[in-house]
Structure formats: C-alpha cells, structure tokens
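A.B. asks: The following block contains a protein sequence and its predicted model.
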2 protein chains.
Amino acid sequence: MLKITKPTLVVNKEVCISNIRNMSEKAVRNQLRFRPHFKTHQSREIGNWFRDFGVRAITVSSVGMARYFAQAGWDDITIAFPVNVLEIGEINDLASSISLNILVENSAMLQLVKKSLKAKVGVYIEIDTGYYRSGVEINRVNQVDEMISLIRGHKLLEFKGFLTHTGQTYTTHSTDEIRVRHADSMMKMLSIKSYYSDIFPNIEVSLGDTPSCTLCDNFDGINEIRPGNFVFFDLMQEQLGVCSREEIAARVLCPVVSRHLSRNEFVMYGGAVHLSKEFIINGQSKRCYGAVGQCTYGHEAVAGDQTWVSGLSQEHGIIKADFDDIRHFTLGGVTEIIPVHSCLAADLAGHYITTEGEIIEKMGK
Amino acid sequence: MLKITKPTLVVNKEVCISNIRNMSEKAVRNQLRFRPHFKTHQSREIGNWFRDFGVRAITVSSVGMARYFAQAGWDDITIAFPVNVLEIGEINDLASSISLNILVENSAMLQLVKKSLKAKVGVYIEIDTGYYRSGVEINRVNQVDEMISLIRGHKLLEFKGFLTHTGQTYTTHSTDEIRVRHADSMMKMLSIKSYYSDIFPNIEVSLGDTPSCTLCDNFDGINEIRPGNFVFFDLMQEQLGVCSREEIAARVLCPVVSRHLSRNEFVMYGGAVHLSKEFIINGQSKRCYGAVGQCTYGHEAVAGDQTWVSGLSQEHGIIKADFDDIRHFTLGGVTEIIPVHSCLAADLAGHYITTEGEIIEKMGK
C-alpha cells in the first residue's frame, strides 16, 4: 500500500501503458506517424514507456520542454506552439543538435525568425480549421502563399506541411459530433494539402487532438497524429465520451482532514495548486473540480455521481458527498480524486508516483 | 529594460514593499500582531522584506511551506490549515526546532494527532463564522468544549485561542458589504473569546483575509491578523474594491506570438500553466483570465477595459482587444498581464524577477 501523506499524483502504469499501446496500434493500423504530445506528462520516464512502441518523434508545447526531452535523448521534436522569436537563441541551440520542427502561422513572425535563424529547422504552417485559437484560417490562401514564399529558397527552412489542432472537438456534446468535427477538419486539411501538392509532392498533414484520435477511424491522407492527453485521460474526456473511467490513468490522492456532516461536506488537503481550477459542469449543473474515485488507499469508497469536488481554494478542496457515500470518508484517510484536466494537474505536481510506489521524475518549473 | 523571452512573473518591489509597509503600519496602529500569510509569495527573499517591518511570526498553508520557511530562519509559524495527521512525522520534526502552531477544527482529528505528537505545539481552534469551508461552526459550543477538553492538561498541547478566515468577504459586491462581513465575523469571534476568557485569560483571536485587513478599521479585541494576498494584490482584489491598479505588484509578462485582426484577437505565449484558470466575470459579462496592463517592456500599450484575456489553454492565452488597443500589440513584443489571482499565478512560477531584473527564488514543487 502506498504511503500518502499529502496531495500526490498517482499514475496507474498498467492503464497508462495500455493507453499508449491502443493509440500506437491505431497509428500503425492507419499508417500514421505517431508523434505523441508530451506536454501532458512532461516526464522523461513516461516518455521512455513510448519507446517500446516504436515511438521516435514527439511533440512538445514549449522550447523549454523541447530542451528537456532533447536532453533525455529525443532527437526529432515538433514544438507545436506558434514560434516565438524572443526564444530564437534557444531554438538555434536546439536546432543545431536535433531535428527540430517549428510552427508558423503568420508572415510577420516568420520574417523575424528568418532574420535570426542560425540552424536548419523543419517548418509546419499551422492551419485553423475552426477552433479559432491560433493558426491561419483555412480560407486565407494568400496568407499561406505568402508564408510559403518566405520559406521557399531559404536554406535553413524546410517546409514540412500543414498542422492543425482540432480543438473544437472539446466543445461537443456527443461522440457523433466529435466525428463530424474531425471529418470537417480533415477534409479542410486534405484540400489544402492537395492544393499545394503539385509544388510540394512530399508535404504532410499533421492532426492532433485526443478526442478525434481516440474515437475516429478515418485518417486517409493524413500523415501524422499528435494526441497527448490520452496518456492519462481525465474527467473532461470521460464527459465527452472519449474514454471510460477505467482508462483514466491519473489520480490525485488527497488526505481527508475534516467533515461537516450538517452540510454533507468533507474537506480534503488538495486544492487549486494540486488540481488546477479547471472544472466541468456536472449532472447537477454544478461546477465540478474533480470526481471521487474508488479508493484502495486507506478507505473503501466507491463514490457515486452525487459526490464530487465542489470547490477549491489554494490548498483546501471541498467534497460534496451523497449521504450514502459519507461512511467512506475517514478522517486520517486518503481520498482519490479524478482530475478534470490531467495535463494541468500533472503540470502542478513536482513528481508522480506509480500505484506500485515508484517515483516518476518530471520536468521542473 | 528586462529581457523577457517567455512568460515571467515580474514583481514590482517598490509597490510590494509599500503594500507590506501599509499593512504593517495598520497592525501597529491597531496593536495587532502582524503574522502575514506567506502562501502568496512562497519566497524566502520576499519573506526577508517583511523583517524590516519588525515581522517575526508568519502563517503558512502547508507543512512543506513551514519547513521551507523554518529553513530560512523563521521560528514562529502557524500552519493555517486543518491539521493532517498523516504528516505528523514532519510536524514533530518542525515542532522540536521552532515554535509551531497547528489548527484543529474537529475532535476526531485532534485525537489522532494527540496519539502521535512528540513535541510541543501551540493549538488554535479554527472557527467558521460563515465562510463554510473549514472550521467548527461558531454556534457549536459543545464541539468547541470537547476540543478544549482534549487540549487541556495535555503537556504537548498549548491552547492559544481561536482563529478564523472570513473568506465570505470574497463574494461581496461592495466595500460596505466587506465591512459588514468583517464586523459580523469579528463580533462572533469576540463572543467566543469572551465566553472562554474566564478559564483562559490569555486566549487570542486571529483573523485573516486581505479584504477585511485592508479596508476595515475596527479590530478592537482582536490579537492578530494574517493577510497574505495584499503583498501582490490582483485583479480579484481590484474588482472587490480592495486595491487600486497601482497597488498590484505582480504582472505576468507574456510574448505576443500571433494576431487575428478579423476577430480582434491576439495570441500570447502564456496559458493556464502560467496564470491558472481562475477567472472573474468582467464588465462585458465575460470570463476574464487577466487584464492587460500598461507595458514598458517592448511596447507602449495602455490597454482599456475592453481588452482582456478571454481564454487560456495550457500554454496559449487569447487576448480579446478593443480595436483602438490593437496598435499596442506587436509581434515579437511582450504584453503585461495582471493576474486574476496572484497566489495561483505565483505558485505556478519557478521563480520571479523584479522590475529591476533581480531574480527572486521561491519554494519549489
């Protein structure tokens, strides 16, 4: 049994590796390069679990994360965030030692980067197919043309193709809706690929989100997938219908420090600095900052859907409990919280431990 | 000029020290012990800034934070979080080397702690005056009696008095409402103090929240204040009417990486892992994850109230900009974000820098 004394992110290694296996096999089945996004776990050790499945190329969300994984031996990395010229020094350093891909989505930044670039990088143009976060909107062909003309003929810039994040799958209300958004995004990406493939016969299309990559089966014409969250999954993915409770590999174990029976509430040691303030709206139309899972660490709770984390301050978490669940919470015991957004909960942890008690180091702040 | 390349929490030392001075002088004026809460900054260096104002006793929110500040030379620390028996080993270690106060709010946990306690600790009973987070509700006198009888006569437990956090000031809509909540909470605390002062003539009352401590002037009968957030303040405090924009000492400086003029939006490098997902509802009835401040770091923006951080993902931040503000955002420049909740933004930072470029170390994860 794990000795938990304070909020601790516990990874079920078996579940995690099964999630990696499933996504890896899907990539093989669909002849896709599997370039997993490592921003979810930020751990060289969990990164190594991917190597057994033949993964050699990865995605990260920051230059610092690229450096961390390059030091861990990864030599083919895409930084899937619009390139930031202020970090050009670090980008040059990295690009001189590994195969580095950057993301561009506007000509102005691309011109700034060109001026200071000193080593060869691969370039993806980020396309926005309807998420409206970053990326050039799919219909702005002359902006794409302008970027391509800036890339062509520059000896340090190698045009790789088009990349998108279909983040619009995160605001859906059914798995059918996720499939439709994926199909729409894919269709748009294949159009632009086809439009430019006379000039660039080898250009690629890279897609990324966990909902599409997990649920959808048609990837014809796509070259690469970059899902990240699937490694742990979380409550948000469960609510979207993307994963089952059993597939969620991350838990935050939190000591129970107080109970307030008159209002069916418990206080746990576990707050916004452990779980993040990300919430979903639950079946009771309330903000839910975490679900309470089956716990084998000091109490026997199998909490129902009427029991959830209803509030978080910096270190306190409030659990609203169904009356029938109350007996499962023991002062001096530990409760198991299923995070709403595992990427953010993992980012907040100094390290993880596995259900077997093995410590897993991760990137620091 | 600061060289900013990625999201960085910048502390205006002058403003910060002025905030410390104001609160410190208020404590002196009201004959209160000033025991500031160090959970906001988590930094030994910023802790030292308090020493010049005669501060010798501090508050923290976790055992780990108590250890960090004990190592930095602080020897009178209250852990203002309901005691967690699972950490009794560390509590014993600390209590044997410094003057440590713990918080209890239920008999069951107190009994567990008594069994394993090996060094002398001061004990405050946490009272709930209407925040409904932790603490024994003020009217449950027999629960308080039960705890006191468990404390009395135990040679390692010294009863110090009653402590509350008037967190209900954070859901107010006017400064008058804050004053009323403070008066109500204070009146309740003085009643319970008076009820027990025959038996314990030296018991104390400790109050804590930044809104009350900043705005209110009547602390008659109170012994100690424990505000924390005031050291930096933030957008939430500004919205409550507790501080002015000029008193906010923390900014997160974020590179501007993209602009989408068709929708008046900018993308900055700065997301939930830098600012947290805490939001306020702004004047446009929208979720606001940060305000855009006057910036002297690469552009000249003085952004109006129509310009705000409208969305955050892990590393991306979206700024919705008033058309007139657009000219202030430069690709390759840096924008200045005023965090909604400085405690959480500070917790997410690996270190801070001052406006003069001095690096400020802080507690790690």
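C.D. replies: Yes, it's here.
A.B. asks: my read: A:V60 touches A:T78, true?
C.D. replies: Yes. Using C-beta atoms under 8 Å, A:V60 is in contact with A:T78, at 7.4 Å. (Each C-beta comes from the backbone N, C-alpha and C, glycine too.)
A.B. asks: can I see the domain layout of chain A?
C.D. replies: In the domain annotation for chain A, the residue ranges read A:13-231, A:245-361 (automatic domain parsing).
A.B. asks: most packed of these?
C.D. replies: Mean neighbour counts were taken over these using mean count of other C-beta atoms under 10 Å in any protein chain shown, and the top value, a mean of 21, falls to domain A:245-361.
A.B. asks: Mean pLDDT for the domains of chain A - can I get that in TSV?
C.D. replies: Listed next are these as TSV, based on pLDDT from 0 to 100:
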stretch	mean pLDDT
domain A:13-231	97
domain A:245-361	91
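A.B. asks: Let me know which of the ones you listed is the nearest to chain B.
C.D. replies: Closest to chain B of the domains of chain A, according to C-beta to the nearest C-beta: domain A:245-361, at 3.4 Å.
A.B. asks: quick one on the thing from earlier: so can I have JSON lines of the domains of chain A showing distance to B:F329?
C.D. replies: As requested, those are exported to JSON lines (distance: least, C-beta to C-beta, whole Å):
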{"stretch": "domain A:13-231", "distance to B:F329": "11"}
{"stretch": "domain A:245-361", "distance to B:F329": "26"}
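A.B. asks: do you know which of these lies nearest B:N19?
C.D. replies: Comparing the domains of chain A by their distance to B:N19 (C-beta to C-beta), the top pick is domain A:245-361, with 18.8 Å.
A.B. asks: I'd say A:I77 and A:I102 touch.
C.D. replies: No. With contact defined as C-beta under 8 Å, A:I77 does not reach A:I102; the gap is 10.0 Å.
A.B. asks: Quick check: residues of the stretch 51-200 of chain A near chain B?
C.D. replies: Residues of the stretch 51-200 of chain A found near chain B (C-beta under 8 Å from any C-beta of the partner chain) are A:61-64, A:81-87, A:89-90, A:105-106, A:108-109, A:112, A:132-134, A:137, A:167.
A.B. asks: Just the ones in strands from those, please.
C.D. replies: Among these, the members falling in strands (DSSP state E) are A:81-82, A:137.
A.B. asks: tell me the helices in the stretch 151-300 of chain A, going along the chain?
C.D. replies: A:175-196, A:210-215, A:235-240, A:272-275 (DSSP state H, counting those that start in this stretch).
A.B. asks: Next, see if the longest strand seen in chain A gets close to chain B.
C.D. replies: Longest strand of chain A, by residue count under DSSP E: strand A:250-260. Yes. For strand A:250-260, a contact with chain B is found by C-beta under 8 Å from any C-beta, at A:255, A:257-260.
A.B. asks: Show me what that strand is packed up against.
C.D. replies: Packing partners of strand A:250-260 (3 or more C-beta pairs under 8 Å, 6 or more residues apart in numbering or on different chains; DSSP states H and E): strand A:8-11, strand A:265-269, helix A:272-275, strand A:334-339, helix A:342-348, strand B:76-82.
A.B. asks: which residues touch the residue nearest to A:L261 when sequence neighbours are not counted?
C.D. replies: Leaving aside its sequence neighbours, A:L261 sits nearest to A:I326 (C-beta to C-beta, 6 or more residues apart in numbering or on different chains; 6.9 Å). By C-beta atoms under 8 Å, 6 or more residues apart in numbering or on different chains, the residues touching A:I326 are A:259, A:261, A:264.
A.B. asks: of all these, which comes closest to B:S285?
C.D. replies: Of these, the one sitting nearest to B:S285 (C-beta to C-beta) turns out to be A:N264, at 31.8 Å.
A.B. asks: pretty sure that closest one contacts A:F323?
C.D. replies: Yes. With contact defined as C-beta under 8 Å, A:N264 and A:F323 form a contacting pair (6.2 Å).
A.B. asks: what about A:A349, distance to A:C254?
C.D. replies: 12 Å (C-beta to C-beta, to the nearest Å).
A.B. asks: list residues touching both of these two?
C.D. replies: Contact criterion C-beta under 8 Å, 6+ apart; residues shared by A:A349 and A:C254: A:H274.
A.B. asks: With distance to A:L156 added, can I get the helices and strands packed on strand A:250-260 in JSON lines?
C.D. replies: Listed next are the helices and strands packed on strand A:250-260 as JSON lines, based on distance: least, C-beta to C-beta, whole Å:
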{"stretch": "strand A:8-11", "distance to A:L156": "39"}
{"stretch": "strand A:265-269", "distance to A:L156": "51"}
{"stretch": "helix A:272-275", "distance to A:L156": "42"}
{"stretch": "strand A:334-339", "distance to A:L156": "41"}
{"stretch": "helix A:342-348", "distance to A:L156": "32"}
{"stretch": "strand B:76-82", "distance to A:L156": "53"}
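A.B. asks: For A:I127, what are phi and psi?
C.D. replies: phi -110, psi 140 (degrees, to the nearest 10).
A.B. asks: Same check on A:V15?
C.D. replies: phi -70, psi -40.
A.B. asks: got the contact list for the residue of chain A positioned farthest from its centre?
C.D. replies: What lies farthest from the middle of chain A is A:S262; by C-alpha atoms, centre = their mean that is 39.3 Å. Listed by C-beta under 8 Å, 6+ apart, the contact set of A:S262 reads B:E137.
A.B. asks: Quick one: name the residues of the stretch 201-350 of chain A near chain B.
C.D. replies: Counting by C-beta under 8 Å from any C-beta, the residues of the stretch 201-350 of chain A near chain B are A:255, A:257-260, A:262-263, A:265, A:267, A:269, A:272-273, A:276-278, A:311, A:313-316, A:318, A:331-332, A:334, A:343-344, A:347-350.
A.B. asks: Go again with 7 Å.
C.D. replies: Counting by C-beta under 7 Å from any C-beta of the partner chain, the stretch 201-350 of chain A comes close to chain B at A:255, A:257-258, A:263, A:267, A:269, A:272-273, A:276-278, A:313-316, A:318, A:331-332, A:343-344, A:347, A:349-350.
A.B. asks: what's the angle between the longest strand of chain A and strand A:334-339?
C.D. replies: With axes from the mean of the first three to the mean of the last three C-alpha atoms, to 10 degrees applied, the angle from strand A:250-260 to strand A:334-339 works out at 130 degrees.
A.B. asks: Just give the strands next to strand A:250-260 in its sheet, each with its orientation.
C.D. replies: strand A:8-11 (antiparallel), strand A:265-269 (antiparallel), strand A:334-339 (antiparallel) (DSSP bridges).
A.B. asks: next one: it to chain centre, how far?
C.D. replies: 25 Å (C-alpha atoms, centre = their mean, to the nearest Å).
A.B. asks: Dump that strand to CSV, restricted to CA.
C.D. replies: Listed next in CSV are the C-alpha coordinates belonging to strand A:250-260 (Å, rounded to 0.1, in the frame of the first residue of the first chain):
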residue,chain,number,x,y,z
ALA,A,250,-4.1,9.6,-13.2
ARG,A,251,-5.5,10.2,-9.7
VAL,A,252,-4.7,12.9,-7.2
LEU,A,253,-4.7,11.3,-3.8
CYS,A,254,-5.7,13.7,-1.1
PRO,A,255,-5.8,13.4,2.7
VAL,A,256,-9.3,13.9,4.3
VAL,A,257,-8.9,16.4,7.1
SER,A,258,-12.4,17.4,8.1
ARG,A,259,-16.1,16.5,7.8
HIS,A,260,-19.1,18.7,8.1
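A.B. asks: Show residues contacting that strand.
C.D. replies: Contact partners of strand A:250-260, identified using C-beta atoms under 7 Å, 6 or more residues apart in numbering or on different chains, comprise A:4, A:6-11, A:232, A:234, A:266-270, A:274-275, A:293, A:297, A:317, A:329-331, A:333-339, A:342, A:345-346, B:82, B:84, B:86, B:105-106, B:109, B:134.
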